[in-house]
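>>> need the 3D shape of this:
(one chain, ligands or ions: 2)
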Amino acid sequence: MSAYDEAYRRSIERPEEFWGEAALGIQWDLAPATVHAGGRWFPDGRLNTCHNAVDRHVAAGRGAQAALIYDSPVTGTTRSYTYLELLDEVSKAAGMLRDLGVAAGDTVVIYMPMVPEAVVAMLACARLGAVHSVVFGGFAARELAVRIDHARPKVVLSASCGIEPARVVAYKPLLDAALEQAGHRPDHCVILQRPESPAELTPGRDLDWVAAVGGAEPAGCVSVAATDPLYILYTSGTTGTPKGVVRDNGGHAVALQWSMSHVYGAAPGEVFWAASDVGWVVGHSYIVYAPLLAGCTTVLYEGKPVGTPDPGAFWRVVSTYGVRTLFTAPTAFRAIKKEDPSGNFAKKYDLSALRYLFLAGERLDPDTYHWASDLLGVPVIDHWWQTETGWPIAANSVGIERLPIKPGSPTKAVPGWDVHILDADGNDCPPGAEGAVTVKLPLPPGALPTLYRDDDRFARSYLDRYPGHYLTGDGGHLDDDGYLYVMGRIDDVINVAGHRLSTGSMEEVIAAHPDVAECAVIGVADEVKGQLPMGFVVLKAGSERGQEEMERELAALVRERIGPVAAFRRAVVVSRLPKTRSGKILRATMRDIADGNPYTTPSTIEDPAALPEIARVLSDTGGH
Ligand code: COA
Ligand code: AMP
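Residues are numbered from 1 along each chain as shown. Ligands and ions are numbered 1, 2, ... in the order given. Below is the predicted model of the structure:
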């Protein structure tokens, strides 16, 4: 039996033995006597995640090794922190939070750009046993307000601004607006002033980061239960209310540390770079926690794959720091390919340190796979996972055994994940047949135990559809060799440039426009971003508004309410939406039309003329 088959079988047949062994890689304050009980991992263990990510490496002699390298082409800055320096920064930031009354179990919202202080803030919360909730900078004030109201933070940690290539994004006014809209009031906001756009501070409420941290005594690690929450990360569901994915401390530390060696094949001391954002799960898991738990050097890159300043940006970082493992989203490679199709920029740099390119966040199309593979000459590993799972469900687990690659497939289920493709009746689909991708319970350590303050929604969203299985929300199939193919979401979630967005939340915003009677938002194919949202609106009777002005206003509205990250630019006015006689909007058919694919008119359609109208309007307004 191959090493992969053996590991996989053991993880499914004897999960307690398997994860009990993996738990030996973590330093516990109280080692767990029980591996799994009542749906929770390591229920009687106690530990501190920050201790495992920082302190223990200093104690083990890694103090002088770089822990965090900050590279920011948008500000022209680089900075490196050794494990010892990181320990010092994190202990002081934790001391500052403690002085502000933050204790174990309290929540802290972090709304920060890609600066080292964001990583320090996360680790400082973990040090105190406080629960952080990082909100991505590309969201609008309203989205931040919704998260503040749900997470009810004692303190908000933020910065005066973020820096996008074309503009400085003032974060502080967004935070102020969010706090005006939110019902919940944090006691304090601590603001990192950046020279590009310093912010006004509100006396009494706002503190300056440097002053507050500078005056604090360092705080030590607080021991927490393995089952206590480490963080909440809000992600898009099918409605406008985001889901607060909860991550525990113990299972998370065990799974992430295990994944570094077994999935990514990474060893302590190596340079690991996830080119994502700390606001997403990839950033939480593979910029911050996993590389540090594993004693690697992690890279925090404040820039883009293109335009900062050119499509050689990634190759400069790889060669400068000797990056061994690069992890990003396929969209980044499509963006690079568009500007540098022959890969000339890559040829200017020494990329010899690079061993693997891992891609996730959206489907890796075979064209992008081949282009990246030819360009870099290293294995290009597609792997599939989601915010809820925290680490890969399917991958080529190169640390166990490198399996042959099949372009278009993220290879096989990672040990711990009992993947099943189910049909509508809950039966396993035969190889080749499309169905819902599910994971048979129990989920392995590191996966979400619940949704924050919403156990019912957790059950409704993930467990009720197929009792005994977790519903991933993706559709796909297995082939005869057990390779998984993930073809796309089977719900109203779309994926724009590797960012997960809810069409339902965009519909809620558009429906609030005074001239809109009805609307639908779908994701249409885009060459670089994978998908882009597109709105279809029916105007209220008597409205005289024109196509162009509606499109402009709706784009501005979605940008203002959800944020620029939604990249909502296209909206078309139609006289009716295509629906079934029972009133269900025919989104899949609309998507086919918008993507220029052949489509069939469902027999259940209410008004057959609605579909040709969509095709006509799209062609009149320049396609998508
Ligand atoms: N703060 C404020 N605004 C932000 C932001 C942030 N942290 N991140 C993105 N935005 C804004 C951008 O400025 C842009 O605004 P614009 O409409 O004014 O141009 C908008 O949100 C969309 O951003 P983005 O999705 O990054 O698109 P882009 O056109 O600027 O760049 C790519 C396209 C492909 C280069 C970019 O998406 C990318 O690098 N993706 C890498 C993959 C990735 O990080 N995936 C995350 C999960 S792994
Ligand atoms: P997020 O929670 O933001 O990480 O988004 C998770 C979703 O992105 C998944 O449910 C998939 O729809 C999609 N996704 C992530 N990685 C892949 C992949 N390798 N192949 C196909 N889809 C992916």
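
>>> hang on, Pro612 is in a helix, isn't it?
Yes. Judged by DSSP: H, G, I helix; E, B strand; the rest coil, Pro612 forms part of a helix.

>>> need the contact list for the closest residue to Trp417 other than its chain neighbours.
Closest residue to Trp417 apart from its sequence neighbours, by Cβ to Cβ, 6 or more residues apart in numbering: Ile393 at 4.6 Å. C-beta: built from backbone N, CA, C; applies to glycine. Shown in contact with Ile393 (Cβ atoms under 8 Å, 6 or more residues apart in numbering): Trp384, Trp385, Gln386, Ala413, Val414, Trp417, Val419, Val439, Thr472.

>>> and Ala594, what pLDDT?
Looking at Ala594, its pLDDT is 93.

>>> specify the beta-bridge partners of the residue nearest to it when sequence neighbours are not counted.
Nearest non-adjacent residue to Ala594, counting by Cβ to Cβ, 6+ apart: Val524, 4.2 Å away. With DSSP bridges as the criterion, Val524 is bridged to Leu532.

>>> number of residues surrounding Val524?
20 (other Cβ atoms under 10 Å).

>>> now do Arg457
17.

>>> cool, and Pro612?
Each residue near Pro612 was counted by other Cβ under 10 Å, and the total is 12.

>>> got the domain ranges for this structure?
Residue ranges for the domains of the chain, per automatic domain parsing: 410-490, 493-620.

>>> before we move on, back to that, residues touching the residue nearest to Ala594, list them.
So Val524 contacts Gln531, Leu532, Pro533, Met534, Arg570, Arg591, Ala594, Asp595, His624 (Cβ under 8 Å, 6+ apart).

>>> now, of the residues you listed, which are buried?
With neighbours counted by 16 or more other Cβ atoms under 10 Å, those contain buried members at Gln531, Leu532, Pro533, Met534, Arg570, Arg591, Ala594, Asp595.

>>> which strands and helices lie in contact with the longest helix along the chain?
Ordering each helix of the chain by length in residues (DSSP state H) puts helix 83-99 first. Here helix 83-99 touches strand 66-72, helix 116-128, helix 209-214, going by 3 or more Cβ pairs under 8 Å, 6 or more residues apart in numbering; DSSP states H and E.

>>> just the terminal-to-terminal distance for stretch 384-397.
12 Å (Cα to Cα, to the nearest Å).

>>> please see if it touches ligand 2.
Yes. Residues of stretch 384-397 are located near ligand 2 by Cβ under 6 Å from any ligand atom, namely Trp384, Gln386, Thr387.

>>> of these - the most surrounded one?
Trp384 (29 neighbours).

>>> excluding chain neighbours, give the residue nearest to it in space.
Pro410 (4.1 Å).

>>> looking at the one you found now. What's its pLDDT?
The predicted local confidence for Pro410 is 98.

>>> count the neighbours of it for me.
For Pro410, the count of nearby residues is 27 (other Cβ under 10 Å).

>>> that one against Ala395, yeah?
Yes. Assessed by Cβ atoms under 8 Å, Pro410 is found in contact with Ala395 at 6.0 Å.

>>> which residues do those two both contact?
With Cβ under 8 Å, 6+ apart, Pro410 and Ala395 have common neighbours Asp382, His383, Trp384.

>>> and which of these is nearest ligand 2?
Trp384 (3.7 Å; Cβ to the nearest ligand atom).

>>> tell me the contacts of that closest one?
Trp384 neighbours (Cβ under 8 Å, 6+ apart): Ala360, Pro392, Ile393, Ala394, Ala395, Pro410, Asp474, Leu484, Val486.

>>> could you pull up phi and psi at it?
phi -120, psi 130 (degrees, to the nearest 10).

>>> then Tyr356?
phi -140, psi 150.

>>> and it, how far from Ala588?
36 Å (Cβ to Cβ, to the nearest Å).

>>> same check on Asp88?
From Asp88 to Ala588 the distance is 54 Å (Cβ to Cβ).

>>> enumerate the residues of this protein near ligand 2.
235, 281, 360-364, 382-384, 386-387, 410, 472-474, 486, 489, 495, 500.

>>> re earlier: which one of the contacts of Trp384 is nearest to ligand 1?
The closest of the contacts of Trp384, once distances to ligand 1 are taken by Cβ to the nearest ligand atom, is Ala360, at 6.4 Å.

>>> hmm, Asp423 and Thr438 touching each other?
No. Applying Cβ under 8 Å, one finds Thr438 not in contact with Asp423, separated by 10.8 Å.

>>> in terms of neighbours, single out the busier of the two.
Thr438 (23 against 13).

>>> please name the nearest non-neighbouring residue to that one.
Thr438 sits nearest to His469 (Cβ to Cβ, 6+ apart), 4.0 Å away.

>>> beta-bridge partners for that neighbour, please?
Lys440.

>>> burial measure for it, as a count.
21.

>>> how about Ala424?
Neighbour number of Ala424 under other Cβ under 10 Å is 8.

>>> same thing with Leu364?
There are 25 residues near Leu364, going by other Cβ under 10 Å.

>>> who touches the residue lying closest to it once chain neighbours are set aside in this structure?
Spatial nearest neighbour of Leu364, chain neighbours left out: Asp382 (4.0 Å); criterion: Cβ to Cβ, 6+ apart. Listed by Cβ under 8 Å, 6+ apart, the contact set of Asp382 reads Leu359, Ala360, Leu364, Tyr369, Ala395, Asn396, Gly408, Ser409, Pro410, Thr411.

>>> please redo it, this time with the cut-off set to 6 Å
By Cβ atoms under 6 Å, 6 or more residues apart in numbering, the contact set of Asp382 is Leu359, Leu364, Pro410.

>>> against Tyr369, how distant is it?
Distance from Asp382 to Tyr369, by Cβ to Cβ: 7 Å.

>>> repeat that for Arg185.
Distance of Arg185 to Tyr369, computed by Cβ to Cβ: 49 Å.

>>> where does the stretch 101-250 of the chain come near ligand 1, residue by residue?
Counting by Cβ under 6 Å from any ligand atom, the stretch 101-250 of the chain sits next to ligand 1 at Pro113, Gly137, Gly138, Gly162, Glu164, Val169.

>>> unless I misread the structure, the first one falls within a strand.
No. Counting by three-state DSSP, Pro113 falls outside a strand, being coil.

>>> nearest residue to it in space, ignoring adjacent ones along the chain?
Counting by Cβ to Cβ, 6+ apart, the nearest residue to Pro113 once its immediate chain neighbours are dropped is Gly162, at 3.4 Å.

>>> got phi/psi on that neighbour?
phi -110, psi 160.

>>> so what's it bridging to?
Applying DSSP bridges, one finds that Gly162 bridges with Val169.

>>> so where do the helices sit in the stretch 151-300 of the chain?
171-181, 209-214, 250-262, 281-283, 290-293 (DSSP state H, counting those that start in this stretch).

>>> can you lay out these as a markdown table showing mean pLDDT?
Listed next are these as a markdown table, based on pLDDT from 0 to 100:
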| stretch | mean pLDDT |
| --- | --- |
| helix 171-181 | 98 |
| helix 209-214 | 98 |
| helix 250-262 | 98 |
| helix 281-283 | 98 |
| helix 290-293 | 99 |
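
>>> how about those, which one is nearest Gly432?
In terms of Cβ to Cβ, the element of the helices of the stretch 151-300 of the chain nearest to Gly432 is helix 250-262, at 28.8 Å.
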